[in-house]
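Novice: could you work out the structure for the sequence below:
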Amino acid sequence: MSTSEPRLRIAMQKSGRLSEDTQKLLKLCGLKLNLSDRRLLAHVSNMPIDIMRVRSSDIPGLVMDGVCDLGIVGDNTLEEEELDRQLKGNKSEYIRTTSLDFGGCRFSIAMPEEFEYTGLACLDGLRFATTYPQLLNRFAKANGINVEFCLLKGSVEVAPRVGLADGICDLVSTGATLEANGLKEVAEVFRSKASLIQRADPLCEEKQAILDTLLPRVHGVMKAKESKYIMLHAPKDKIAEVSKLMPGTETPTILPLAERDNMVAVHVVATETFFWETMEQLKALGCHSILVMPIEKMMG
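Specialist: Below you'll find the model as predicted:
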């Protein structure tokens with residue numbers, strides 16, 4: 001392969017909560033990754049794609065500056081960088097290509113357990129330790145309160161106990177870390193998931209062709225995770241009632257059964273949750289052999 005051949009460059013988290021999910025997504029999209037802990041730039045062996053493995057906080061800037069063509073990053077990190085660049089007058093354009101179904105978390109204000117929280121107004125004039133000051137400031141302005149902040153890149157939870165701040169504004173998952181440090185969550189500032197973003201500048205023809213192949217695969221993997229394949233045997237005279245219970249967006253496929261003139265096989269892709277109650281309703285209509293199976297990939 002010629003080293004001059006254009007290669008699509010994707011930035012992803014080197015290590016952390018998004019790294020494993022990102023690798024899984026890329027592999028489900030058919031990319032053969034050759035990752036090593038010590039290598040920050042890895043080559044995909046079966047497509048002209050390079051993977052740059054960096055800190056999450058670096059990903060938005062790499063895409064906005066055009067160093068990388070794509071990036072997979074949490075919305076909290078993305079919007080914090082966008083707000084910060086806008087404040088400084090720096091380039092902040094990008095395209096949010098796809099919202100992904102992993103990396104979910106919430107960005108919340110937490111106060112010492114003894115603090116009497118009566119509403120957002122009681123936070124006016126207080127000082128907060130945070131890694132995301134721009135998100136906090138946007139929230140404060142939108143709710144008509146004034147806050148101060150001290151910027152910390154780690155160990156944010158300790159700030160109130162050592163007198164650095166009155167409270168904190170940080171990412172929360174289970175709340176166990178807050179509880180262990182004598183804090184309680186009082187207000188949600190921002191809810192985040194991972195996103196696939198693209199640089200704002202147009203890609204060259206060769207890179208655009210690679211992206212046009214990759215994006216349908218990403219969308220197919222996302223759609224497959226939200227869907228189930230349902231198979232069952234149903235009485236032929238109950239097809240209309242069975243179809244109404246199916247949570248799919250497409251018309252069910254009806255197939256004859258060998259030596260069973262009164263029964264048919266029904267197949268459908270369900271894009272909504274398929275509950276036990278629905279299965280019980282189907283059984284009450286005379287259906288049997290009801291199977292609900294996961295889907296790995298979808299296209300078209």
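
Novice: by contact count, what packs against the helix of greatest length in the chain?
Specialist: For the chain, the longest helix by residue count, based on DSSP state H, is helix 205-225. Secondary-structure packing of helix 205-225 (3 or more Cβ pairs under 8 Å, 6 or more residues apart in numbering; DSSP states H and E): strand 8-13, helix 17-28, strand 94-99. (Glycine included, C-beta is placed from N, CA and C.)

Novice: in it, what counts as buried?
Specialist: By neighbour count on 16 or more other Cβ atoms under 10 Å, the buried set for helix 205-225 is 207, 210-211, 214-215, 217-225.

Novice: same deal with stretch 155-165?
Specialist: Val156, Glu157, Ala159, Pro160, Ala165.

Novice: give me the contacts around the longest helix of the chain.
Specialist: With contacts defined as Cβ atoms under 8 Å, 6 or more residues apart in numbering, helix 205-225 is touched by 5-8, 25, 28-30, 47-49, 69-70, 97-98, 100-101, 196, 198, 202-203, 271, 294-299.

Novice: gap between that helix and the chain center?
Specialist: On the basis of Cα atoms, centre = their mean, to the nearest Å, helix 205-225 is displaced by 16 Å from the centre of the chain it belongs to.

Novice: again with stretch 130-140
Specialist: 21 Å.

Novice: ok, now stretch 21-33?
Specialist: 15 Å.

Novice: avg pLDDT for that stretch?
Specialist: For stretch 21-33, mean pLDDT is 94.

Novice: do stretch 230-248 as well
Specialist: On average, stretch 230-248 scores 88.

Novice: give the buried residues for it.
Specialist: Ile230, Leu232, His233, Ala234, Pro235, Lys238, Glu241, Val242, Met246, Pro247, Gly248.

Novice: cool, and stretch 165-172?
Specialist: Ala165, Asp166, Gly167, Ile168, Cys169, Asp170, Leu171, Val172.

Novice: right, and the helix or strand after the longest helix of the chain?
Specialist: strand 228-235 (DSSP states H and E).

Novice: remind me what that next one packs against, helices and strands.
Specialist: strand 260-270, strand 288-294.
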